[in-house]
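> After the sequence you'll find the predicted model.
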Amino acid sequence: MELSRTRAPRLPAITLVAALAVACGASALPEGAHGAAGVTVPSTRTMLAERDWARPVVPFRVVRAFIAPAHEYGPGHRGIDVEAPAGADVSAPASGIVAFSGMVAGRGILTIDHGDGLVSTFEPVQSVLSPGTPVGKGEHIGAVTSGGHAPLGQLHFGVRLNDSYINPMLLLGEVPRAILLPCCE
């Protein structure tokens with residue numbers, strides 16, 4: 001007995017990419033691309049920049065930039081280090097719920113779950129907040145202390161989107177768009 005083989009209907013590639021992007025919770029289409037039914041799909045970068053996060057410390061000067069690892073366990077810098085003297089106030093960049101507050105390997109860590117797969121982490125920070133505490137954008141969440149991988153006088157600010165580290169500057173709207181220039185004549 002031979003089974004008949006039916007061919008699955010072929011969908012336009014852009015529809016497949018849009019479906020995968022929706023399933024993954026992000027847009028894999030280029031900004032301004034059109035998905036199913038001609039709907040314009042914003043890029044993940046655009047969606048993140050539209051969230052309007054606030055800087056966690058003021059003044060805000062990045063001393064070590066985000067460096068994406070080549071793979072999950074590869075070397076990189078999964079966040080940014082910002083100049084911040086010991087005792088400086090640290091504020092929530094966006095509203096959310098404290099997910100963790102305590103010591104890890106001798107340094108104070110504070111993590112906020114902002115919903116939609118976004119989680120921010122700060123170290124070294126001393127905080128009186130406990131897990132489950134709601135915080136609002138700009139609300140005081142702790143003070144810079146010492147310890148951790150960042151040198152004294154710096155705050156490490158990391159962000160994960162769906163468990164993958166992303167550049168926090170994307171949420172602050174401060175990552176310039178890449179411009180490709182012509183190469184050679």
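Structure received. Just so we're clear, the structure is a prediction, and the values are computed from it rather than from any experiment. Numbering: from 1, shown residues only.

> Give me the domain ranges for this protein.
As given by automatic domain parsing, the domain ranges for the chain are 13-42, 62-170.

> Relative to W53, which of those is closest?
Comparing these against W53 with C-beta to C-beta, the closest turns out to be domain 62-170 (4.2 Å). The way it works is simple: take the backbone N, C-alpha and C, and place the C-beta from them, glycine included.

> Would you pull up how far that closest one lies from the middle of the chain?
11 Å (C-alpha atoms, centre = their mean, to the nearest Å).

> Now do the end-to-end distance for that domain.
14 Å (C-alpha to C-alpha, to the nearest Å).

> again with stretch 47-58
Termini of stretch 47-58 sit 25 Å apart (C-alpha to C-alpha).

> same check, this time on stretch 86-100
21 Å.

> just stretch 82-99 next, same as before
End-to-end for stretch 82-99, by C-alpha to C-alpha: 22 Å.

> Now the domains of the chain in a markdown table, please, with extra columns for mean neighbour count and mean pLDDT.
Converted to a markdown table, these look like this (neighbours: other C-beta atoms under 10 Å; pLDDT from 0 to 100):
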| stretch | mean neighbour count | mean pLDDT |
| --- | --- | --- |
| domain 13-42 | 14 | 44 |
| domain 62-170 | 17 | 94 |
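
> Now render those domains as TSV, adding distance to C184.
Formatted as TSV, the domains of the chain follow (distance: least, C-beta to C-beta, whole Å):
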stretch	distance to C184
domain 13-42	25
domain 62-170	27
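
> closest one to P56 among these?
Judging the domains of the chain by C-beta to C-beta, what sits closest to P56 is domain 62-170, at 5.2 Å.
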